[in-house]
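Peer 1: For reference, the sequence and a predicted model appear below.
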Amino acid sequence: MTRVPVRKTYKLYVGGAFPRSESGRTYEAEGHNIAQASRKDLRDAVRAARGAFGKWAAMTAYNRGQVLYRVAEMMEARASELAELCGGREEVERSVDRVVWYAGWTDKLAQVLGGANPVAGPYFNFTLPEPTGVVGIVAPAEPALLGLVSRLAPVLAGANVAVVIASETHPRAAIELAEVLATSDVPGGVVNVLTGRRDELAPHLASHLDVDALDLDRGDAELERAAADNVKRVVFARADSQSPYEISSFLELKTVWHPMGQ
Amino acid sequence: MSNPPVLPAGFELPLEPRLPRIGAIDQVALEERAAALAKRSIKKESKLFALELAVRMMDLTTLEGSDTPGKVAALAAKAIQPDPADPSVPSCAAICVYPNLVATAVERVRGTGVKVASVATSFPSGQSPLAIKLSEVEEAVALGADEIDMVIDRGAFLSGRYSKVYDEVVRVKEACGHAHLKVILETGELGTYDNVRRASLLAMAAGADFIKTSTGKLPSAATLPVLLCMLEAIRDVHDETGRVVGMKPAGGIKTAKQAIQNLVIVNETLGPDWLTPDRFRLGASSLLNDVLMQIQAQKTGRYQNPEHFTRD
Amino acid sequence: MTSSDIAPRGFEYAAAPESRSVVRLEQSYGLYVGGEWRTPESIYTTISPADEQPLADVGQAGSADVDAAVAAARSAFEGEWSALRPAERAKYMFRIARLLQERAREFAVLESLNGGKPIKESRDVDLPLAAAHFFYYAGWADKLDYAFPHRRQRAVGVAGQIIPWNFPLLMLAWKIAPALAAGNTVVLKPAETTPLTALLFCDVLRQAELPPGVVNIVTGDGRTGAALVEHEGVDKIAFTGSTEVGKAIQRELAGTGKGLTLELGGKAANIVFDDAPLDQAVEGIVNGIYFNQGHVCCAGSRLLVQESIQQPLIEKLKRRLGTLRVGDPLDKNTDVGAINSAAQLQKIEELVAVGEQEGAEIYQPPCRLPEQGYWFAPTIFTNVAQSHRIAHEEIFGPVLSVLTFRTPEEAIEKANNTAYGLSAGVWTEKGSRILWAAQRLRAGVVWANTFNRFDPTSPFGGYKESGFGREGGLHGLEPYLRFDGDGTEWGG
């Protein structure tokens, strides 16, 4: 007997929930109707991200590491589904391992990037890395999963929150990843995934005054100019990189002085 | 100014320069100690004792703009006989109302042993001239209130005008006559535990019979660390001067479990002498039903249904 | 008549015992060698110090057993373990961390049963930290280039590890986690009186499917430890225990070129200045010396209180002692558990007698101690002088020695006037004084306005006769690595 399968509706991931675009639009990609986010969706996503930042950044580094490891656990559990939406099993395994790699950094950044500074005077002086805040990510078009994970994991490991414009041509891996995040103890709003037209959404992300940093899939003078309006930190993505310096691109450094005396 | 009671050491007037130097509290350590105390587990018979004690210590409260004689009558009936299905459950300590409802309250509790506490001094903000606040106190007492719950002037406190805060408490205590005075610190507005301790010491020095955490009108209210901080101040004053001052946490205590945690902290900080409604009260409204449910659960061994308890 | 007419005036805290049934104890355990259980040359019985009842028979590993364990570790090191990519080694360690989290309750109960510490400590401190250590070091396994930039590092080889009875599982984690992260294999000997959580840990290794021989557990007394230390097939020894035994090990290893780290005893000064928040300082003092019955190398066993506040502080402290509950380690309300062994109890009693003879004034709160088992009431000695033995010798029990000082300089001088140098505490509201004191205290860990705080990211270890080498943090990896080309043959 023929069984008619139930088809998935591909929606956005904003504030921990899966809404349709407020514009009601969809576009076709990979043979499916995908939600086409509008600038209002982007506005909502940034608001959700900002709202989630305080609590995410206040968690202990250890807890954040645990959450990222849980993301890896959930990805591994969904490996076969993810494999169908990207380059295949090998890409999924590399993506999971990359998340595990970054999970192990959360509680080590301060030791590698910060430290006490031996100033010439009776002062205790130390430098601490801190998250920059809301990071806008224009995800690489390819590879569909590994590209996004390579950009997102270091952002999260540094205690930042993210608004992602997913690959326009291969968005389903991003949506599946969003489903993974939703089941991984990642608080709502920490990651927000918008599918739609890159060229429609990216300028709004780049010019949004409440976004602190921009991770660009490629050099783009117009976006870089817009970013200058609130002095965003602009980073150029490397779609297959793995390094603590991908994390530090999205960190601020704070230095504190205190006298030492009886 | 009436004769102030004996001051704790180092607490001599003038207060402005001295008060900020008094009362360092380490936040992390205080919160850890409170959390550790919250994990104590108490024996079955004592648990029932604790729950019934919680009822006997309750100041059942209604402080809304929409309060009417009808509402207060219902509250009074509940305070007198909290659980109609179990007459062995004791009455509450008091009901707490606005001055306009004192007359009704007094009428309804006459002859039952339940006291009437009235808020006064432009509750909850305290932002009125002293003369008005004092006459409100006098009115409430004249109408029959046994207890007055006043608020300190937080604006004065936070801007360093400690003498004003002190003087107002002294004057209100005077105006209370025979009524006993609870001084509300509104700890949620004070910002730090250091300030909670200072305000506690200030209120006690000025004559408070009880110090109380909150008006219940702010979301952050009677947390366990705040309770511990205030109890330690009470203990220190008692050690130094022999004065006995009671304590009332109010606002945010919704469950029997929280009530018992409060009692455990009193027990371990001040000892069993303080486990009496004369020295400890719980300001609450929805707490009572949860305590009643737990009492029945203890007595019968079964989880209870909230609908079996009256909503007044 | 209401129940309030006949009820007690205060609360009696429930016997709130954590159930023993969560642990499945075997009748006897072998030695865990090469991923399998090996019958030991002889056995002994391990007991619960709270009631002296036997718990299980465990192995007394002899030289042949130790040989087999070292050989298994060597074989794993030269074979499967070194062949794995570091990222894969990391994933085994992450598995172990998660398993410890999943089975935390089981381990906590067993720890309290076999060792005597209160369940609320094993549950809230030992277990979470043990899992966290594995999690933290798992993250370093494939990032060593970032930990030691420009140094060519490689694993040392086979590490022999000997751990004490005061934090059995936690000390196991502190030893095994960095060793594995750095690519080594391990032969670990738990303390004689507390073998059980280490043996249960072998089941976690089985569940994690850790390659055989990477971790080997050999139980036994000092003789087993000596056999491990003397073994030629071991590249590095890590020892936590008494200073006396530490010195013996250091002598034994002289001239052999083997790496060594030692984490030994202490007699830490907990310094309270006159501006300290008193009630919180009392909590810190109590935590410093009565946590884990004072069986803590970094315990704040000397209270140095500024003379001007001595009287109110001591009064508060004595009153606070009255609220400490000594009793069944498995009772969730217990604050102070059993002394770990008859031998340790005897040592404590001897030194306390010495203290009384020396002229210090003893205080113990009224305390009903159980008939069976090993117990000692929380104790304070006041009027202790720097020249008293109880001001210098480590008692390793719930006994506090109180001395006074007048000025900050004097406090530092007295605090440093000891052969030990593991930890110190500073209580003051003044930030600059904290940093000034921290700078001058000759101790590996300085706690300001807190005490007994541990974290896998935070290096722990001593100055002077409290040992050398650090555990925790980036620095905890160093003893388990050899660095080529920068002249460091010692490796740790």
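Peer 2: Yep, that arrived.
Peer 1: Please pull out the lowest mean pLDDT helix or strand from chain C.
Peer 2: Least confident element among the helices and strands of chain C, by mean pLDDT, DSSP states H and E: helix C:3-6 (a mean of 34).
Peer 1: which element follows that helix toward the C-terminus?
Peer 2: strand C:31-33 (DSSP states H and E).
Peer 1: The closest residue to chain C within the stretch 151-300 of chain B: neighbour count?
Peer 2: Nearest residue of the stretch 151-300 of chain B to chain C: B:Pro272, at 3.4 Å (Cβ to the nearest Cβ). Quick note: C-beta positions are derived from backbone N, CA and C, even for glycine. Per other Cβ atoms under 10 Å in any protein chain shown, the neighbour tally for B:Pro272 reads 12.
Peer 1: Pull the number of nearby residues for the nearest residue to C:Lys91 once chain neighbours are set aside.
Peer 2: Nearest residue to C:Lys91, sequence neighbours excluded (Cβ to Cβ, 6 or more residues apart in numbering or on different chains): A:Val100, at 6.7 Å. Here the number of neighbours of A:Val100 (other Cβ under 10 Å) works out to 24.
Peer 1: what's near enough to touch A:Val100?
Peer 2: Residues in contact with A:Val100 (Cβ atoms under 8 Å, 6 or more residues apart in numbering or on different chains) are A:68-69, A:72, C:87, C:90-91, C:94.
Peer 1: right, and the pair among those residues with maximum separation?
Peer 2: Farthest apart among these by Cβ to Cβ are A:Leu68 and C:Ala87. That separation is 14.8 Å.
Peer 1: So which of those two has more stuff around it?
Peer 2: Higher neighbour count among A:Leu68 and C:Ala87: A:Leu68, with 24 against 15, using other Cβ under 10 Å.
Peer 1: give me the element that one is part of.
Peer 2: Using DSSP H and E, the element containing A:Leu68 is helix A:61-77.
Peer 1: do that helix and chain C meet at all?
Peer 2: Yes - using Cβ under 8 Å from any Cβ of the partner chain, helix A:61-77 reaches chain C at A:61-62, A:65-66, A:69.
Peer 1: if we can go back for a sec, can you tell me how far the residue of the stretch 151-300 of chain B closest to chain C is from A:Ala166?
Peer 2: In this structure, B:Pro272 and A:Ala166 are 64 Å apart, going by Cβ to Cβ, to the nearest Å.
Peer 1: and what of A:Ala48?
Peer 2: 16 Å.
Peer 1: B:Pro124 too?
Peer 2: 50 Å.
Peer 1: mind listing the helices for the stretch 301-450 of chain C?
Peer 2: C:310-321, C:342-358, C:408-416, C:431-440 (DSSP state H, counting those that start in this stretch).
Peer 1: likewise the stretch 1-150 of chain A?
Peer 2: Secondary structure of the stretch 1-150 of chain A (DSSP H, counting those that start in this stretch): helices at A:39-58, A:61-77, A:79-85, A:89-103, A:109-113, A:146-157.
Peer 1: Spell out which parts of the stretch 201-312 of chain B neighbour chain C.
Peer 2: So the stretch 201-312 of chain B meets chain C at B:232, B:263-264, B:267-268, B:271-272, B:275 (Cβ under 8 Å from any Cβ).
Peer 1: Can you flag the buried ones in the residues you listed?
Peer 2: Among these, those classed as buried by 16 or more other Cβ atoms under 10 Å in any protein chain shown are B:232, B:263-264, B:267-268, B:275.
Peer 1: With pLDDT and secondary structure as extra columns, can I get the residues you listed in JSON lines?
Peer 2: Shown next, in JSON lines, are these (pLDDT from 0 to 100; DSSP: H, G, I helix; E, B strand; the rest coil):
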{"residue": "B:Glu232", "pLDDT": "96", "secondary structure": "helix"}
{"residue": "B:Leu263", "pLDDT": "96", "secondary structure": "helix"}
{"residue": "B:Val264", "pLDDT": "95", "secondary structure": "helix"}
{"residue": "B:Asn267", "pLDDT": "94", "secondary structure": "helix"}
{"residue": "B:Glu268", "pLDDT": "94", "secondary structure": "helix"}
{"residue": "B:Leu275", "pLDDT": "95", "secondary structure": "coil"}
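Peer 1: Quick check: which ranges of chain B have low pLDDT?
Peer 2: Applying pLDDT under 70 to chain B flags residues B:1-18, B:21, B:220.
Peer 1: again, only this time at 50
Peer 2: B:1-3 (pLDDT under 50).
Peer 1: Strands along that one, start to end?
Peer 2: B:58-61, B:94-97, B:115-119, B:147-151, B:180-184, B:210-212, B:246-248, B:282-284 (DSSP state E).
Peer 1: can you check the stretch 151-262 of chain A too?
Peer 2: According to DSSP state E, counting those that start in this stretch, the stretch 151-262 of chain A carries its strands in the segments A:161-165, A:191-194, A:213-216, A:233-236, A:251-259.
Peer 1: how near is the closest residue in space to C:Thr334 that isn't next to it in sequence to C:Phe201?
Peer 2: The spatially closest residue to C:Thr334, leaving aside those adjacent along the chain, is C:Pro118, at 4.4 Å (Cβ to Cβ, 6+ apart). Counting by Cβ to Cβ, the separation of C:Pro118 from C:Phe201 is 21 Å.
Peer 1: what do you get for C:Glu26?
Peer 2: 14 Å.
Peer 1: Between the two, which is the more surrounded one?
Peer 2: The neighbour comparison of C:Glu26 against C:Phe201 (other Cβ under 10 Å) goes to C:Phe201, with 26 against 14.
Peer 1: Could you tell me how far B:Ala284 is located from B:Ala221?
Peer 2: 11 Å.
Peer 1: and the closest residue in space to B:Ala284 that isn't next to it in sequence, how many residues sit next to it?
Peer 2: Of all residues not flanking B:Ala284 in the chain, B:Ile253 sits nearest, at 5.5 Å (Cβ to Cβ, 6+ apart). Counted with other Cβ under 10 Å, residues neighbouring B:Ile253 total 28.
Peer 1: Grab the most central residue of chain B for me.
Peer 2: B:Lys248 (2.4 Å; Cα atoms, centre = their mean).
Peer 1: residue contacts, that residue?
Peer 2: B:59, B:182, B:210-213, B:280-283.
Peer 1: Please tabulate those in JSON lines, including the columns neighbour count.
Peer 2: Output for the contacts of B:Lys248, formatted as JSON lines (neighbours: other Cβ atoms under 10 Å in any protein chain shown):
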{"residue": "B:Asp59", "neighbour count": "25"}
{"residue": "B:Lys182", "neighbour count": "25"}
{"residue": "B:Phe210", "neighbour count": "23"}
{"residue": "B:Ile211", "neighbour count": "28"}
{"residue": "B:Lys212", "neighbour count": "28"}
{"residue": "B:Thr213", "neighbour count": "27"}
{"residue": "B:Phe280", "neighbour count": "22"}
{"residue": "B:Arg281", "neighbour count": "28"}
{"residue": "B:Leu282", "neighbour count": "28"}
{"residue": "B:Gly283", "neighbour count": "30"}
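Peer 1: Give me the pLDDT for the most centrally placed residue in chain C.
Peer 2: By Cα atoms, centre = their mean, the mean C-alpha position of chain C lies nearest to C:Phe167, the distance being 4.1 Å. Reading off the confidence values, C:Phe167 has pLDDT 97.
Peer 1: Can you tell me the SS state at the closest residue to it other than its chain neighbours?
Peer 2: Leaving aside its sequence neighbours, C:Phe167 sits nearest to C:Asp126 (Cβ to Cβ, 6+ apart; 5.9 Å). What DSSP: H, G, I helix; E, B strand; the rest coil gives for C:Asp126 is helix.
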